[in-house]
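In: how would this look folded up:
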Amino acid sequence: MLYFLDIFFVVLHSLLIIFILSGWLIPKLRAAHLIVVLLTGASWFLLGIFYGIGYCPLTDWHWMVLKELGKTGLPVSYVQYILDRILGINISARTADVITLAGWLFALIVSLGLWIKNKIQNSRTKNFKRNL
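Out: The predicted model follows:
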């Protein structure tokens, strides 16, 4: 069961990262994308007040599974871990943190920008229809 949970968390967390970085590309998923990006930020910065900045419950749960499997020396950063595990790329914790934050900020800015653009367009469309 622990091996299944390990694979489950690798797949789930990897898909979540991919969605955060690219979910804004699919117009029908943009609202969900913005919510996920904001929830990620809330986890990192609000839960981070209590558990340490950058806290992610998925990482925490996955580390519990890996520790039960006898893994030690796990990095703090999930990005650092997954790059090493899946791609064999070994980077420093600092580099992983910079990549992670930059990716999240990019996704947040793009997602918020698209949301604002959509709100402005919808407002203009309503005003146009009202004036007809």
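In: contacts and neighbour counts: CA atoms only from here.
Out: Noted.
In: what element comes up after the strand or helix carrying I7 heading to the C-terminus?
Out: Using DSSP states H and E, I7 falls within helix 2-22. Per DSSP H and E, the first helix or strand lying C-terminal to helix 2-22 is helix 30-42.
In: on that earlier part again, just the buried positions in the helix holding I7, please.
Out: For helix 2-22, the neighbour count (16 or more other C-alpha atoms under 10 Å) marks 6, 9-10, 13, 16-17, 19-22 as buried.
In: name the nearest of these relative to G73.
Out: The nearest member of the buried residues of helix 2-22 to G73, counting by C-alpha to C-alpha, is D6 at 16.1 Å.
In: what does the pLDDT read for that closest one?
Out: Reported pLDDT at D6 in the predicted model: 97.
In: wait, doesn't it sit right on L66?
Out: Yes: using C-alpha atoms under 8 Å, D6 is in contact with L66, at 6.8 Å.
In: can you show me the CA trace of the helix holding I7 as PDB?
Out: Extracted in PDB, the C-alpha atoms of helix 2-22 (Å, rounded to 0.1, in the frame of the first residue of the first chain):
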ATOM      1  CA  LEU A   2       2.900   2.400   0.800                       C
ATOM      2  CA  TYR A   3       4.400   1.900  -2.600                       C
ATOM      3  CA  PHE A   4       1.000   2.700  -4.200                       C
ATOM      4  CA  LEU A   5       0.800   5.900  -2.100                       C
ATOM      5  CA  ASP A   6       4.300   6.900  -3.200                       C
ATOM      6  CA  ILE A   7       3.400   6.600  -6.900                       C
ATOM      7  CA  PHE A   8       0.000   8.200  -6.200                       C
ATOM      8  CA  PHE A   9       1.700  11.300  -4.700                       C
ATOM      9  CA  VAL A  10       4.300  11.500  -7.400                       C
ATOM     10  CA  VAL A  11       1.600  11.500 -10.100                       C
ATOM     11  CA  LEU A  12      -0.800  13.800  -8.200                       C
ATOM     12  CA  HIS A  13       1.800  16.300  -7.200                       C
ATOM     13  CA  SER A  14       3.400  16.300 -10.600                       C
ATOM     14  CA  LEU A  15       0.100  16.800 -12.400                       C
ATOM     15  CA  LEU A  16      -0.700  19.600 -10.000                       C
ATOM     16  CA  ILE A  17       2.600  21.400 -10.800                       C
ATOM     17  CA  ILE A  18       1.900  21.000 -14.500                       C
ATOM     18  CA  PHE A  19      -1.600  22.400 -14.000                       C
ATOM     19  CA  ILE A  20      -0.300  25.400 -12.000                       C
ATOM     20  CA  LEU A  21       2.200  26.200 -14.700                       C
ATOM     21  CA  SER A  22       0.000  25.600 -17.700                       C
END
